[in-house]
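Participant: Attaching a predicted model along with its sequence, questions to come.
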Amino acid sequence: MDVDVKEGEQKVKLSWQLMIKKKLITVPSCLGKIRPVVGQCCQQCAPDSLRKKLGQNSFLGFRNLLSFNETQTRYRGWLVRRVCCALFVSGRKVYASPVSNRLERVCQSNRVKEGLTAEQKAPEGQDSRGQLNRFSPFLPLIKTCISPSLLRFVGWVMLKMFSSVFGGIQVNLNHLSVLRKVSQEESMLVYVYVRQSVMDCALIPLVLFGHNLRVPYTVCPLRVYSSPLRSILQKVGVFLLPPTALTEQEAEMDSLYSPVMTSLLRELLHEGQAISVGVSAESGQGGQWLARIRQLIKDGSVPDVSLVPVGISYDCVPKTNIQVGLIAVFQWLWSLFWRRPEGSVRIHFAQPFSLKEMCESGRCRVDEWLPLQDLLLPVILNNRPSVFRQRRMSWLLPSPHYASELEAPTHPERDLGIAIILHLIFSATACSAVMSTSLVSSLLLYKRRKGVNASALCRDVAWLTEELLFRNKDVGFGGSLAEVMQYSLSLLAPHLIIAAVPSRKDPFIVPHPSLAATLHLALQAKIVTHTFVLEAVGACAVSAMLCEVVASGISSSIGSDGVDGEEVRGDVEFDVVLCQSELTEHALHLCHLLPPGFMPPCQSSQSFALDAIDSLVRCGILIMEDIPREVPICDFLKREGTLTWTTSDDPDESDSDCEEPDLHAYKISQPSHCPEMLFFLCSMLAGHLRALCWTTIGLDLIDTPRPETEFVAQIHSHLCDTANKKKQHYESCSEEAAHTAVRTLIDLGVLSEERQREGVSLAVSPLFQLSENRQKLHRFITQYLYN
């Protein structure tokens with residue numbers, strides 16, 4: 001019986017694959033004709049670094065790291081073709097990594113001595129043996145090195161492993177020549193990527209090893225229990241957590257950890273070694289390593305480093321939640337050799353830029369940063385005008401890694417370190433390619449939630465691909481549209497419902513209405529949201545203004561029921577004129593609520609909001625109009641709670657912010673696709689905004705104060721319960737959504753932090769213990785939800 005069921009499932013899967021291929025094979029090939037150049041330096045923060053490498057813009061193509069043949073070796077023949085991978089690995093160049101007196105140099109550094117003195121564990125005259133006892137948890141970290149023979153063996157194992165996991169690892173060759181040139185100039189390189197999976201730590205060193213570049217020392221935030229496995233990893237340049245620490249936060253709490261790691265970084269950079277660091281956009285973990293490098297440059301210990309953002313894109317982000325023990329790892333590796341590879345990886349190395357130039361040129365301005373509660377609370381609670389400043393995200397740079405309070409930097413220095421972290425998160429994400437699964441996931445999740453025919457989805461894919469290329473965003477696929485669709489739907493099949501019957505010529509595709517499927521699609525679609533964030537912010541600002549129009553009773557053709565409303569259907573007429581300054585103000589409010597990494601820190605919030613409105617004009621949603629003096633326009637800038645209509649030649653209303661020499665307003669264009677496009681863009685940010693709304697409601701259900709980890713866990717449970725009750729909007733109940741929502745409410749002043757010995761506890765602030773203020777916050781957020 002089980003055999004018959006499996007055979008039936010295989011026949012059904014084969015039938016829809018063949019039907020899609022037959023249906024779409026006549027569509028002309030339109031992909032791969034344009035290849036944008038990505039990963040260039042920021043022209044505002046690092047113009048000198050950009051100017052030096054302008055001659056390296058020619059497209060050099062891609063190379064599959066997993067594709068080997070005898071031409072890549074010095075030998076030829078039948079046997080060579082069988083062992084060409086081993087020959088390829090043996091021919092790679094490995095740079096020396098001396099560790100002879102590194103321990104002595106680290107122990108003698110002033111930072112470590114001050115750290116020992118600060119904790120009163122190194123009195124005068126203490127012998128070296130006593131210091132070594134205190135250093136015992138850090139000795140394996142200090143002795144981390146790169147063994148050429150072991151590195152070649154591990155490289156061969158990793159290539160075999162990845163060939164069983166991925167169909168290919170495509171590397172953009174554009175900036176590899178620049179990296180090789182920078183390495184020859186003996187400039188120190190620091191590779192920075194956004195953490196997605198444990199495999200990120202292995203991919204970057206493996207790619208550099210395969211292209212004869214210096215293999216970097218890699219910071220891997222894992223706790224490995226097996227001593228033999230720790231020893232192997234530390235001999236290929238992997239920095240693991242100390243044996244006594246369970247997490248990065250716990251390691252940073254050790255007063256000696258930061259001085260030792262800073263001194264170790266100094267010695268590595270003096271040796272000319274490269275470093276690879278992963279940064280978390282959710283919590284900022286990993287950014288403390290960048291802060292240490294920045295401190296070394298400021299102190300003059302290191303002249304300069306070149307930062308290299310690295311974009312890593314997966315067709316399907318691999319699940320690597322395994323117990324990090326020797327037996328478990330070998331079992332996992334053995335299982336990989338027998339599995340069929342699924343998906344591929346695209347890796348983009350961005351153009352390196354000088355960290356010293358970015359910090360000391362004064363172009364990266366952080367003197368106007370303010371806490372989020374100073375930016376939005378007056379608007380939310382008192383209807384006051386906006387403040388044109390940028391949001392300070394102090395939590396992106398945890399403070400425990402400083403040995404003492406005296407060493408902790410002032411606000412401008414700390415903000416500059418945070419700006420570097422934000423800039424690298426944004427740059428690494430911006431140079432990442434959009435994979436075909438990400439593109440299809442975003443269409444199914446945000447535009448075709450209730451299902452779509454394969455042919456219509458095919459047209460949407462072609463349209464969205466052109467939009468991505470128009471925005472200078474690289475895509476990680478090519479070939480005919482039929483092949484791309486078949487490939488992406490095959491990978492996403494476990495998360496979709498595909499109705500393909502012989503009587504129906506066009507298969508019908510619906511996202512699976514489950515928590516796991518929705519979260520997978522939302523994770524894949526995140527890179528598309530990053531690309532369209534300007535348009536998404538502008539569309540939500542338009543939606544907020546239309547909601548105010550509806551609330552005023554002027555128009556009944558647009559419906560809005562807050563978080564739980566139904567989608568707008570049919571033909572919608574938006575016959576209303578929107579004030580430019582009011583649209584910009586709504587966009588400004590919303591950009592303050594964005595998670596880190598979506599908005600470049602070198603751009604002011606006001607400029608970002610203006611670009612968001614202009615982007616809607618470029619894509620045809622809004623039409624700019626020069627309003628004649630006798631025509632009234634919609635002015636919401638007066639916050640008395642009523643809708644006011646003014647004319648620009650009325651002397652009594654001369655204080656209106658819309659009354660300027662060049663008066664502009666916008667009308668929503670009337671093509672049939674415009675409402676659909678508007679709602680598609682709005683839904684890209686709906687998951688984040690809805691999580692904020694549900695978290696605000698959930699504050700009534702949680703007794704506070706509670707430890708932060710427990711509080712976030714309860715909020716996550718509340719989000720899941722809310723989504724299960726509604727049987728929809730599961731993208732708003734991920735762990736990342738809960739963590740980001742809690743952090744936003746802390747920055748808003750809704751939640752207050754109480755630091756205790758056991759950790760940080762969260763409680764509802766007195767201001768928001770009043771239900772009236774929580775309702776105002778809820779209304780402020782829900783205005784940006786189109787349904």
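Facilitator: Good, I have the coordinates. Numbering: from 1, shown residues only.

Participant: Where does pLDDT dip in the stretch 201-350 of the chain?
Facilitator: Applying pLDDT under 70 to the stretch 201-350 of the chain flags the ranges 320-339.

Participant: least trustworthy helix or strand in this structure by mean pLDDT?
Facilitator: Lowest by mean pLDDT, DSSP states H and E among the helices and strands of the chain is strand 644-646, with a mean of 40.

Participant: Show the subsequent helix or strand relative to it.
Facilitator: Downstream of strand 644-646, the first helix or strand assigned by DSSP states H and E is strand 664-668.

Participant: Parallel or antiparallel, list what pairs with that next one.
Facilitator: strand 577-579 (antiparallel), strand 622-626 (antiparallel) (DSSP bridges).

Participant: now the helix or strand just after that strand, how far from the chain's geometric center?
Facilitator: Using DSSP H and E, the helix or strand that follows strand 664-668 in sequence is helix 674-698. The chain centroid and the centroid of helix 674-698 are separated by 18 Å, computed with C-alpha atoms, centre = their mean, to the nearest Å.

Participant: Now do helix 674-698 against strand 622-626, angle only.
Facilitator: For helix 674-698 against strand 622-626, the angle by axes from the mean of the first three to the mean of the last three C-alpha atoms, to 10 degrees is 100 degrees.

Participant: Which other helices and strands does helix 674-698 contact?
Facilitator: If you count contacts as 3 or more C-beta pairs under 8 Å, 6 or more residues apart in numbering; DSSP states H and E, helix 674-698 packs onto helix 436-446, helix 515-531, helix 533-552, helix 708-726, helix 735-748, helix 771-782. (C-beta placed from N, C-alpha, C; glycine too.)

Participant: Look up how far Arg706 lies from Ala281.
Facilitator: Going from Ala281 to Arg706 by C-beta to C-beta, to the nearest Å gives 25 Å.

Participant: Comparing those two, which residue is more hemmed in?
Facilitator: Neighbours were counted for Ala281 and for Arg706 using other C-beta atoms under 10 Å; Ala281 has more, 24 against 15.

Participant: what secondary structure does Arg449 sit in?
Facilitator: coil (DSSP: H, G, I helix; E, B strand; the rest coil).

Participant: and the helix or strand hosting Pro228, what does it pack onto?
Facilitator: Element membership for Pro228, per DSSP H and E: helix 227-234. With contacts defined as 3+ C-beta pairs under 8 Å, 6+ apart, helix 227-234 has these neighbours: helix 139-142, helix 326-336.

Participant: residues of it that come out buried?
Facilitator: Buried residues in helix 227-234, defined by neighbour count with 16 or more other C-beta atoms under 10 Å: 229-230, 232-234.

Participant: and which of those is nearest to Ser488?
Facilitator: Within the buried residues of helix 227-234, the smallest distance to Ser488 is 34.6 Å, found for Leu233 (C-beta to C-beta).

Participant: so that closest one touches Leu240, yeah?
Facilitator: Yes. Taking C-beta atoms under 8 Å as the definition, Leu233 is a contact partner of Leu240 at 6.3 Å.

Participant: overlap in contacts of those two?
Facilitator: 220, 224 (C-beta atoms under 8 Å, 6 or more residues apart in numbering).

Participant: count of residues packed around Glu357?
Facilitator: For Glu357, using other C-beta under 10 Å, the count is 18.

Participant: which SS state does it fall under?
Facilitator: Glu357 ends up helix, using three-state DSSP.

Participant: before we move on, what about Val171?
Facilitator: Per three-state DSSP, Val171 ends up strand.

Participant: residues touching Arg294, list them.
Facilitator: 355, 359, 416-417, 420.

Participant: for this structure, which strand is longest?
Facilitator: Using DSSP state E, we find that the single longest strand of the chain is strand 306-314.

Participant: now that strand and helix 515-531, what's the angle there?
Facilitator: Using the same axes, to 10 degrees: strand 306-314 against helix 515-531 is 140 degrees.

Participant: tell me the angle of strand 306-314 relative to helix 436-446?
Facilitator: Between the axis of strand 306-314 and that of helix 436-446 there is an angle of 70 degrees, by the same axes, to 10 degrees.

Participant: Count the residues that sit near Ala291.
Facilitator: Around Ala291 sit 25 other residues, with neighbours defined as other C-beta under 10 Å.

Participant: now swap in His778 and tell me
Facilitator: Close neighbours of His778, defined as other C-beta under 10 Å, add up to 18.

Participant: For Cys733, see how far away it is.
Facilitator: From His778 to Cys733 the distance is 18 Å (C-beta to C-beta).

Participant: Now restrict the contacts of Arg294 to buried residues only.
Facilitator: Using 16+ other C-beta under 10 Å as the burial test, the contacts of Arg294 include 355, 359, 416-417, 420 as buried.

Participant: and which of these is nearest Asp367?
Facilitator: Among the buried ones among the contacts of Arg294, Leu416 lies closest to Asp367 (C-beta to C-beta), at 9.7 Å.

Participant: Alpha carbons only: can I get whichever strand or helix holds the closest one in CSV?
Facilitator: Using DSSP H and E, the element containing Leu416 is helix 411-430. Output in CSV follows, covering the C-alpha atoms of helix 411-430 (Å, rounded to 0.1, in the frame of the first residue of the first chain):
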residue,chain,number,x,y,z
HIS,A,411,27.9,58.5,21.8
PRO,A,412,29.4,59.8,18.5
GLU,A,413,32.1,57.1,18.5
ARG,A,414,29.6,54.4,19.4
ASP,A,415,27.2,55.6,16.7
LEU,A,416,30.0,55.6,14.2
GLY,A,417,30.7,51.9,15.0
ILE,A,418,26.9,51.2,14.6
ALA,A,419,26.9,53.1,11.3
ILE,A,420,29.7,50.8,10.0
ILE,A,421,27.7,47.7,11.0
LEU,A,422,24.6,49.0,9.3
HIS,A,423,26.5,50.0,6.2
LEU,A,424,28.0,46.6,5.9
ILE,A,425,24.7,44.8,6.5
PHE,A,426,23.1,47.0,3.8
SER,A,427,26.0,46.6,1.3
ALA,A,428,26.2,42.8,1.8
THR,A,429,22.5,42.5,1.2
ALA,A,430,22.5,44.9,-1.7
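
Participant: Summarise which helices and strands that helix is packed against.
Facilitator: If contacts are counted by 3+ C-beta pairs under 8 Å, 6+ apart, helix 411-430 sits against strand 189-194, strand 275-279, helix 287-299, strand 306-314, helix 355-360, helix 515-531.

Participant: in it, what's buried?
Facilitator: Neighbour-count burial for helix 411-430 [16+ other C-beta under 10 Å]: 413-430.

Participant: Show me the shaky parts of the stretch 351-500 of the chain.
Facilitator: 399-410.

Participant: Sketch out the low-pLDDT regions of the stretch 51-200 of the chain for me.
Facilitator: Residues of the stretch 51-200 of the chain meeting the criterion pLDDT under 70: 53-59, 69-82, 118-133.

Participant: Please repeat the previous calculation with a cut-off of 80.
Facilitator: By pLDDT under 80, the weakly predicted segments of the stretch 51-200 of the chain are 51-60, 68-88, 96-100, 115-135, 186.

Participant: hmm, back to that, from the buried residues of helix 227-234, which is closest to Asp299?
Facilitator: Looking across the buried residues of helix 227-234 and measuring by C-beta to C-beta, the closest to Asp299 is Gln234, at 27.5 Å.

Participant: what residues are up against the closest one?
Facilitator: 140-141, 143-145, 240.

Participant: Separate out the buried members of those.
Facilitator: 140-141, 144-145, 240.

Participant: Please render the contacts of Gln234 as CSV that adds distance to Leu372 to the earlier fields.
Facilitator: Output for the contacts of Gln234, formatted as CSV (distance: C-beta to C-beta, whole Å):
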residue, distance to Leu372
Pro140, 41
Leu141, 36
Lys143, 43
Thr144, 39
Cys145, 44
Leu240, 35
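
Participant: Of all pairs in these, which one is the farthest apart?
Facilitator: Taking C-beta to C-beta as the measure, the contacts of Gln234 span a maximum distance of 13.6 Å, between Cys145 and Leu240.
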